Each structure stands twice: as structure tokens, then as C-alpha cells.
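Participant: Next input, structure requested:
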Amino acid sequence: MGEVLSQNEIDNLLKALSSGELDAEDYKEEDEKVIKNYDFSRPSKFSKEHLRTLEIIFEHFGRLLYTNLPAYLRKSVQVEVINSEAVAFSEFSNALLNPVLLGIVNFAPLKGSILMEMASNLGYCMIDRLLGGAGTALEKKREFSEIEITILERMFNICINLLREPWKNVIDITPRLEKIETNSQFAQVISPTEMISIVTLNIKIGNVEGLMNICLPYVVLEPVMDKLNTKYWYSNMQAKDDKTYEDAIEVLIQKAQIPIKAVLGTSEISVSDFNSLNVGDIIRLDSKIDSELKIYVGNLEKFKALPGTTSDKNAVQITEVLKEE
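Facilitator: Numbers count the residues shown, from 1 in each chain. So this is what the prediction gives:
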């Protein structure tokens, strides 16, 4: 409850205001409510939590690009997620300039397609690099030829296949490149008023820098919107049992091929005797016929064994396992 003034205090206050000793503006409330316009015809369907989760997913995607693209381009690649925002599709399509590199990606098992737009200077850089050049972009933009589009389809497929791992915590997807459009007017895959999320990545290949925009329509992500929150995303990551990875690694190790050899014995001869060796000559070894042989796995001695035969083939019978490394 505010302080109650007496009549004398009220009279003195009015006298001070009328004489100009006090300014009424100084007593106005400083905390004013900020009113934000809301367009009911285009409601935002992506919350800040959804956008943050998408940023986390594509930060993972960016790390995969950073490690995989240099193997194809033989150039250093740097990737950084700049921001994510929710806009109407018309705002995205109107901002595109021709010629454009726009990959239409089928996002199965989700219904519909997403768009992957790459800056044209990055496209020219990739083409130049894959054809043996230094990886420089063109100073003046021009239309892409059919051969260049075919080359870029390969790079788009590499990028699209890398989307599977980041999305695995939300849904197992099998993305597939449908086609690449160089004219934005032919890429109207959804209604202009439909809400989309745009995740922007900054990609630097050598000295060439450009943006990649991933357009994610709400109608495509609607079935998994409940899973696009950081709490679900991290809990799903932690729910994975570490034992699963250990079992997978053990299975791969068990399938590995390793060389194994049995050393029957050793001997020392002079270089002149070695040069005069012929078929049928006998080299005397330093081991006896009933002595144990050394069995090597790779370059490591792991077993002792006795020589013999089995099924008309030479063999050894292990007599001791060496535990020392």
C-alpha cells in the first residue's frame, strides 16, 4: 500500500508544481509495458525451445561437415551455426537471388521435403576444387551448366547423408536428394504462408566463405515437434547404454584379420654361403625336433607350441599361453 499524504503535504506539493519547483514528468512511471504486434494470419509455430534444439542438431551436422568435406575437397573446411529463426516461406523464397543452388531433400519417413540452399560462390569453389583447380570462386555469377549440376549433386548427397546421425536422437531418417533447382521460382514446395524454421550455417572452404540455409517446414516436422526439446534430446542421448557401444566394438575387433606365424628355428650363415644356396641344400636350425616353437601374433610372441601335422597339413599344437605383453 502506498504512503498516505496529509492535507498540508498535498497543499505544499501542489504549490511546488504550480511554481515550477517540481516537474511532473519526474514522477511518471518508468516501467512501461512493451506491446508487440502479433499476426494471427501467420502464427509462429516454432518456440524458442524448438529453435534451440534445431541449433544443437545442426551444430552436430556442422561438425560432421568439418570432418568429412576435407576428404573430398582437399581443403580446410570451417562450419559455424549462425542462427535459427521462424519465418513464413514467402519471406525465405523472396530473399533468394538467381542463380541459386537449392537442393530439394525428401525427409522420409516424414512426409514432405526440406530445402538446402547453398551460396553460389561455395558451389563454384567446390566445382573448381573437384576438377583440379585451386578452389576459387567466380568473380561474376553465371548459370550452372548441366555437368556442374551433376558434380554438385554428388556434394549435396554427401552433405545430406550426414544428416542421419544428428537426427538419430529425434527420429531415424533416410534423407534423399530429389533434385537441385537453380531458379527459386521452381522450388515452391509448400504454401507461401506456411511457417518454416531456417537454420543458417556459415561455411568457409579455404578462403571462400558463404552461407548454407536449411529450410525446415512446420508441416514436415509436425509429427516430431514434441521431441524437439533439449530435455528429450539429452535424455535420449543419456538413455543409450554404454554396453551397446562396447559390444559393437568387441564384434568389430573379433572380425579383424591378424597375422600369426610359427618360427621353426633360426640359423646364422655367411653371405658367401647364402649366395651359393641351391635347391635341395639343407640349413641346420638351432632348435630340436621335440622343442617348443615360438608362435607370434603380429610381432608379439603369445604362445608356445609343438610342431606336427593334421589332415596331411603342417600344424602346431599350443602348449603354453604367454600372458606378458
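
Participant: So, low pLDDT: which residues of the stretch 201-325 of the chain?
Facilitator: 230-245, 324-325 (pLDDT under 70).

Participant: the helices in it, which residues?
Facilitator: Ranges of helices in the stretch 201-325 of the chain, per DSSP state H, counting those that start in this stretch, are 218-221, 230-238, 242-254, 271-275.

Participant: Name the strands paired with the helix or strand L102 falls within and say parallel or antiparallel.
Facilitator: Assigned by DSSP states H and E, L102 belongs to strand 101-106. If you go by DSSP bridges, strand 101-106 pairs up with strand 113-118 (antiparallel), strand 176-181 (antiparallel).

Participant: Relative to I196, how far out is the closest residue to L110 other than its chain neighbours?
Facilitator: Distances taken as Cβ to Cβ, 6 or more residues apart in numbering place V220 nearest to L110, at 5.3 Å, with adjacent residues excluded. All C-beta spots, glycine's among them, are computed from the backbone N, C-alpha and C. Between V220 and I196 the computed distance is 9 Å (Cβ to Cβ, to the nearest Å).

Participant: before we move on, the earlier item: and for the strand holding L102, what's in contact with it?
Facilitator: 96, 113-120, 122-123, 144, 152, 156, 160, 175-182, 184, 187, 189 (Cβ atoms under 8 Å, 6 or more residues apart in numbering).

Participant: Now the buried members of those.
Facilitator: Neighbour-count burial (16 or more other Cβ atoms under 10 Å) applied to the contacts of strand 101-106 gives 96, 113-120, 122-123, 144, 152, 156, 160, 175, 177, 180-182, 184, 187, 189.

Participant: how much space between the residue sitting nearest the centre point of the chain and C159?
Facilitator: The centre of the chain sits closest to F61, judged by Cα atoms, centre = their mean, with a distance of 2.4 Å. With the distance defined as Cβ to Cβ, F61 ends up 8 Å from C159.

Participant: before we move on, what about Q188?
Facilitator: 23 Å.

Participant: Compare these two (neighbour count), which wins?
Facilitator: Using other Cβ atoms under 10 Å as the criterion, Q188 and C159 rank with C159 on top: 22 against 12.

Participant: in which helix or strand would I find that one?
Facilitator: Using DSSP H and E, C159 falls within helix 146-161.

Participant: wait, E165 sits on L64?
Facilitator: Yes. Between E165 and L64 a contact is recorded at 6.6 Å, counting by Cβ atoms under 8 Å.

Participant: more neighbours, those two?
Facilitator: Shown here are E165 and L64; by other Cβ under 10 Å, L64 has more neighbours (17 against 13).

Participant: follow-up on the earlier one: ok, the residue nearest to the centre of the chain touching P166?
Facilitator: Yes. With contact defined as Cβ under 8 Å, F61 and P166 form a contacting pair (4.7 Å).

Participant: Pop the domain breakdown of this protein in here.
Facilitator: By the assignment in automatic domain parsing, the chain contains the domains 48-241, 256-268+285-325.

Participant: can these go into a markdown table with extra columns for distance to S19?
Facilitator: Shown next, in a markdown table, are the domains of the chain (distance: least, Cβ to Cβ, whole Å):
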| stretch | distance to S19 |
| --- | --- |
| domain 48-241 | 52 |
| domain 256-268+285-325 | 96 |
